[in-house]
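Participant: Provided below for reference: sequence and predicted model.
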2 protein chains.
Amino acid sequence: MVASDIQIAQEAHLDSILAVAKKVGLEENDLELYGKHKAKLTYDALTRIENQNEAGRLILVTAINPTAAGEGKSTVTVGLGDALTKSGRKTMIALREPSLGPVFGLKGGATGGGYAQVIPMEDINLHFTGDFHAITSANNLLSAMLDNHMQQGNLKQIDGRRIVWKRVVDLNDRALRQVVIGLGGPFQGVPRQDGFDITVASEIMAIICLARDIDDLKTRIGNIVVGYDYARQPITAHDIGAEGALTVLLKDALKPNLVQTLEHTPALVHGGPFANIAHGCNSIMATKSALHLADYTVTEAGFGADLGAEKFLDIKVPQLGKVPDAIVIVATIRALKLHGGANKNNLKEEDVLALEKGFANLAKHIETIEQYGLPFVVAINRFVGDSDAELQALEAWCTANSVSYSLTEVWEKGGNGGLDLADKVVNAIDEHTGTYQPIYNQEQSIEEKVTAIVRKIYGGKSVEFTSKARKQLNEFKQHGWDKYPVCMAKTQYSLSDDATLVGRPEGFVITIREFVPKMGAGFIVALTGDVMTMPGLPKHPAALDMDVDNTGRISGLF
Amino acid sequence: MVASDIQIAQEAHLDSILAVAKKVGLEENDLELYGKHKAKLTYDALTRIENQNEAGRLILVTAINPTAAGEGKSTVTVGLGDALTKSGRKTMIALREPSLGPVFGLKGGATGGGYAQVIPMEDINLHFTGDFHAITSANNLLSAMLDNHMQQGNLKQIDGRRIVWKRVVDLNDRALRQVVIGLGGPFQGVPRQDGFDITVASEIMAIICLARDIDDLKTRIGNIVVGYDYARQPITAHDIGAEGALTVLLKDALKPNLVQTLEHTPALVHGGPFANIAHGCNSIMATKSALHLADYTVTEAGFGADLGAEKFLDIKVPQLGKVPDAIVIVATIRALKLHGGANKNNLKEEDVLALEKGFANLAKHIETIEQYGLPFVVAINRFVGDSDAELQALEAWCTANSVSYSLTEVWEKGGNGGLDLADKVVNAIDEHTGTYQPIYNQEQSIEEKVTAIVRKIYGGKSVEFTSKARKQLNEFKQHGWDKYPVCMAKTQYSLSDDATLVGRPEGFVITIREFVPKMGAGFIVALTGDVMTMPGLPKHPAALDMDVDNTGRISGLF
């Protein structure tokens, strides 16, 4: 019987986090310990390392459009990090923190899998160091202060019909998508229509991932637009005096968390916006720290290159001040078969024909990375059920198209299963001569930016803006918000905004139904199709199969 | 200038938590460290210490009916603990964890004050070890699973109009008291009327405070009544398969947290139900551990003796298996003046006449403790503005009534300010010959229990049950719920259910408007008057005055 992820993680030997930290030159004083195997980096340490090692290389792991179960992007990220370490390179991994939504919903944990995991797996997948809880609390304190402001006389004349700040929970809770609050008469609040998002879609989450230090965090929080007054002028968190208290709640959540892989490579796991409904990257604080501490930093951005990688490059890179030195595009046989028309319930059966049709999806993501002028390697993440014929067909396709690829077996073999990938990635970095080319210019309008993403990244024909979205664009100009980057909210399952259009759809039109200004994060969210900022639980949530015995040992978490 | 609580706490020297633990025989292996100054006790340690020292003495600190700012019950608890330590007695303190609601609302932190505080004060008052966040998440996962069950076919035939399980946030958020959820059509959930409570009122909070171990926790969670089906039969958390996943979220929150006082006395700070809308006591796991580790354990229960002490004695004691050896009743000059009719805005002015009229409130709480047959000492918690004439009047009253009392100055002087109190309490324990006498018998009906509390503890004339409450009592009999203890939800400001009736009101009638069965906690909540299970923010919330600088140093938290 194959061991489950949690079994492997529970049986693993963990090094002391002090020993792990020492590998990249961090001492006990640089850490705030959360038990023996988790720590946060202190602000003193973060400040000190900013001045060391400017030559760290950055490797971004992305993927094709995934299936519902994910394609093992985190697994490949961890395995590649371990392989780089194994081959004598000083390496750190920078991952996002998991959300409780998917953990108890459909997808399970987000700490890698098999022999390529970050540990302690249960802690990281559950409460970890409390960052998401702090973000949830801060987000909701702002809501409480906002509704209280209206209740207590509404000096700022906030228009309850035009509040854009929503409460959040870090769970998949469908029934909170659309609610009415403040019912019960004059002592119970001001009634208004409202809704909850999942915590990973909170602007506070984005801000934690983009802020440089506490002062920047506070300034960004103050800039959050919570709604509009009766004269249609924006009301910010600063206007209602909330940025101090929110920053108090977030002062520890801003510090990157240090853990280790099963093979004891140091990993910073910090921040966790989803890539479909938010910007999908781990924190700048963590990525920057890793770059200063290690020679190679392996990080990932969520879902396919149409979502996470695009946002990493167009939103995160300008603020990080560092372009990735190489990209890894993760592909799996099962997802490629799905894109070739195979039934999602039959993905374990050999189907070379569907597979070959599915290559079109991979081809598009390769073209996307080529447009940015970045070197890349395709990582074929091997699953147990993949047949030899299928693997040969994919390798043949890569060879025929002069695509650098590597069959990775990190799930089964840990770092040893990724040594070839590590060498090919380092090779790609060393031999690269091209120049990085953003797909849009920050000075372009929001329409132009959206259009660039849709045409160049999604391969779509054009963009349609609803009348509401058009009206918003006019208002944004008046508020001076028309030069911000765009954060697309789109299904992860298709290059288009229709989840059912697998493979490489063409000629499609993307509809922008609404924009949401995120002036604290510094981008404008564009909502496409029917993408939801609050997921729902499936018919059989993962929660139903979980248990814990009287000694505290968990089962059913995967 | 007098230093603020946070200034004193920030300037304090903290001992390593390992050194603090050693004082009561705990070794490094017994602890899960959260940084250098916080730790949780491991399950192994908890199991081991259950068999040691059966002779530990328990001192319960309670109070008269408080003012809105509180009367320093936690301060006296901490100061008494330090005084006992100082006088050579092996002592532990067992407090509740603060809720973010009051911290950002009106009251501020709940870690004591002046030179009688538990530290690190900021951590404890904010996220601490994440217990409340875990409770919030577990509570809300149950809600999400419940609404998802209805959405996905509703096999259990849950009646959406008869759901009693509410979502929670750990904030004062008035606008969530009464809401409608599930709006937006068939894909967005089943619409229904709902509401949010504050986390400290969650049944999960009560369960954490009453559970003996993980198995007991899981069983209790399974017993939670979430609502009723169309045949009016109860639906439990077990019926929808939620107890495993919830227990996974709570496995660490069940372990007591170890911190220290400013004078390095070990303190277990764990669990935190409010005493007005919940059972108001810290956890059994913590109290029991302290009893086994120390010779003297000082603990507190929320608000006045009518609320926290009554619940400690009638709900917690039967499950703890240990009756307090002595009671401390905290009284302040300013609260007594309020009970004597002084204006709440003039409490700093000398007013011996109002003070003397206010003694009636203290007298009632003394009688309450005497009814239970327990020895007690009145602790006069000195505030800076108290005049000599006022203090003399109170001392004279105590002497005239043969009441053992002590003027405590722990806020100003730490343990040194409570040495006399410590001696008097130990004396009271040593000289006591009476027998503990519960105020009701567990076999009595719910009506009889409520009536006993109203007559004997509140000093009221009688109880009225609304027709809804009467109907519920009939249903409870059918479900076999008619022998559980009662947890009264009542204003803390008055002995009656009317907050404006200060002093010692007489002849009043208490109205029970509704019952809420808490079959996981093992009690029935009785809602009186217009008490709310979700507080609101005041006109000027404490949050408005909080800030944090770029080094992470917090100000405005008090």
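Facilitator: Perfect, I can see it now.

Participant: how about stretch A:458-473: buried residues?
Facilitator: For stretch A:458-473, the neighbour count (16 or more other C-beta atoms under 10 Å in any protein chain shown) marks A:458-460, A:463, A:465, A:469, A:472-473 as buried. No exception for glycine: its C-beta is placed from N, CA and C like everyone else's.

Participant: Any part of the one helix or strand A:A290 maps to near chain B?
Facilitator: Assigned by DSSP states H and E, A:A290 belongs to helix A:284-293. No. Judged by C-beta under 8 Å from any C-beta of the partner chain, helix A:284-293 stays clear of chain B, getting no closer than 13.4 Å.

Participant: other SSEs contacting the helix or strand following that helix?
Facilitator: Toward the C-terminal end, the helix or strand that comes next after helix A:284-293 (DSSP H and E) is strand A:296-300. Strand A:296-300 is packed against strand A:57-63, helix A:73-86, strand A:91-95, helix A:284-293, with contacts defined by 3 or more C-beta pairs under 8 Å, 6 or more residues apart in numbering or on different chains; DSSP states H and E.

Participant: Extract the CA atoms of the shortest one and return them as CSV.
Facilitator: Read it as strand A:91-95. Extracted in CSV, the C-alpha atoms of strand A:91-95 (Å, rounded to 0.1, in the frame of the first residue of the first chain):
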residue,chain,number,x,y,z
THR,A,91,18.6,26.7,-1.7
MET,A,92,15.4,28.0,-0.1
ILE,A,93,11.8,27.4,-0.9
ALA,A,94,9.1,30.1,-0.7
LEU,A,95,5.6,28.8,-0.7
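
Participant: and the helix or strand just after it, average pLDDT?
Facilitator: The element immediately downstream of strand A:91-95 (helix or strand, assigned by DSSP H and E) is helix A:100-104. Mean pLDDT, helix A:100-104: 95.

Participant: Other residues contacting helix A:100-104?
Facilitator: The contact list for helix A:100-104, computed with C-beta atoms under 8 Å, 6 or more residues apart in numbering or on different chains, reads A:108-110, A:125-126, A:132, A:170-172, A:198-200, A:535, A:537, A:541-543, A:546, A:557, B:137, B:141, B:144, B:245, B:249.

Participant: Could you grab the helix/strand/coil label for A:I135?
Facilitator: Recorded secondary structure, A:I135: helix (DSSP: H, G, I helix; E, B strand; the rest coil).

Participant: That one: neighbour count?
Facilitator: By other C-beta atoms under 10 Å in any protein chain shown, 28 other residues sit near A:I135.

Participant: Next, the contact list for it, please.
Facilitator: Per C-beta under 8 Å, 6+ apart, neighbours of A:I135: A:168, A:199, A:202, A:204-205, A:208, A:250, A:253.

Participant: burial count for the closest residue to it other than its chain neighbours?
Facilitator: Excluding the flanking residues, the one nearest A:I135 by C-beta to C-beta, 6 or more residues apart in numbering or on different chains is A:I204, at 4.8 Å. When neighbours are defined as other C-beta under 10 Å, A:I204 has 29 of them.

Participant: isn't there a strand covering A:I204?
Facilitator: No. A:I204: not assigned to a strand; according to three-state DSSP it is helix.

Participant: Which pLDDT value belongs to it?
Facilitator: Confidence at A:I204, expressed as pLDDT, is 98.

Participant: So it is in contact with A:L249, correct?
Facilitator: No. A:I204 lies out of contact with A:L249 (C-beta atoms under 8 Å); the separation is 9.3 Å.

Participant: what sits in contact with each of these two?
Facilitator: Residues touching both A:I204 and A:L249 (C-beta under 8 Å, 6+ apart): A:A138.

Participant: If you drop the residues flanking it in sequence, what lies closest to A:L291?
Facilitator: In space, and not counting its chain neighbours, A:L291 is closest to A:G56: 3.8 Å by C-beta to C-beta, 6+ apart.

Participant: On the pLDDT front, check the one you found for me.
Facilitator: A:G56 carries a pLDDT value of 95.

Participant: Identify the residue spatially nearest to A:L501, adjacent ones excluded.
Facilitator: A:S494 (4.5 Å).

Participant: that older thread, buried only: go through the contacts of helix A:100-104 for me.
Facilitator: A:108-110, A:125-126, A:132, A:170-172, A:198-200, A:535, A:537, A:541-543, A:546, A:557, B:137, B:141, B:144, B:245, B:249.

Participant: Okay, and which of these map to strands?
Facilitator: Filtering the buried ones among the contacts of helix A:100-104 for membership in strands, criterion DSSP state E, returns A:I198.

Participant: Verify the stated contact: A:C398 with A:F376.
Facilitator: No. Using C-beta under 8 Å, A:C398 is not in contact with A:F376; the gap is 11.4 Å.

Participant: These two: who's more crowded?
Facilitator: Ranked by neighbour count (other C-beta under 10 Å), A:C398 and A:F376 place A:F376 first, with 27 against 21.

Participant: Report the beta-bridge partners for the more buried one.
Facilitator: For A:F376, the beta-bridge partners are A:I327 (DSSP bridges).

Participant: rewinding a little: present the helices and strands packed on strand A:296-300 as CSV; the columns should include distance to A:T368 and mean neighbour count.
Facilitator: Shown next, in CSV, are the helices and strands packed on strand A:296-300 (distance: least, C-beta to C-beta, whole Å; neighbours: other C-beta atoms under 10 Å in any protein chain shown):
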stretch, distance to A:T368, mean neighbour count
strand A:57-63, 9, 27
helix A:73-86, 15, 30
strand A:91-95, 22, 31
helix A:284-293, 21, 25
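
Participant: can you tell me which of these comes nearest to A:T551?
Facilitator: Across these, A:T551 has its closest neighbour in helix A:73-86 (27.6 Å, C-beta to C-beta).

Participant: Which of the contacts of A:I135 are buried, as a ChimeraX select command?
Facilitator: Selection command for ChimeraX covering only the buried members of the contacts of A:I135, criterion 16+ other C-beta under 10 Å:
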select /A:168,199,202,204,205,208,250,253
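
Participant: mind putting the contacts of A:I135 in a markdown table, distance to B:K22 included?
Facilitator: Below are these laid out as a markdown table (distance: C-beta to C-beta, whole Å):
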| residue | distance to B:K22 |
| --- | --- |
| A:V168 | 42 |
| A:T199 | 39 |
| A:S202 | 42 |
| A:I204 | 40 |
| A:M205 | 41 |
| A:I208 | 37 |
| A:L250 | 34 |
| A:A253 | 32 |
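
Participant: which two from the buried residues of stretch A:458-473 end up farthest apart in space?
Facilitator: A:G459 and A:Q472 (25.8 Å).

Participant: burial count for whichever residue of the stretch 251-400 of chain A sits closest to chain B?
Facilitator: Closest residue of the stretch 251-400 of chain A to chain B, C-beta to the nearest C-beta: A:K251 (4.9 Å). When neighbours are defined as other C-beta under 10 Å, A:K251 has 22 of them.

Participant: now swap in A:F515 and tell me
Facilitator: By the measure other C-beta under 10 Å, the count of residues near A:F515 is 26.

Participant: On the three-state scheme, the residue nearest to it when sequence neighbours are not counted is what?
Facilitator: Spatial nearest neighbour of A:F515, chain neighbours left out: A:Q472 (4.7 Å); criterion: C-beta to C-beta, 6+ apart. Here A:Q472 is recorded as helix under three-state DSSP.

Participant: show me where pLDDT drops low in chain A?
Facilitator: Regions of chain A meeting the criterion pLDDT under 70 cover residues A:1, A:107-108.

Participant: can you list the domains in it?
Facilitator: A:5-129+A:254-431, A:131-250, A:446-528 (automatic domain parsing).

Participant: who's in contact with A:V516?
Facilitator: Residues in contact with A:V516 (C-beta under 8 Å, 6+ apart) are A:164, A:524-525, A:527.

Participant: burial of A:H133, as a residue count?
Facilitator: A:H133 has 24 neighbouring residues, counting by other C-beta under 10 Å.

Participant: isn't it right next to A:N140, touching?
Facilitator: No. Look at A:H133 against A:N140 with C-beta under 8 Å: they stay out of range, at 10.7 Å.
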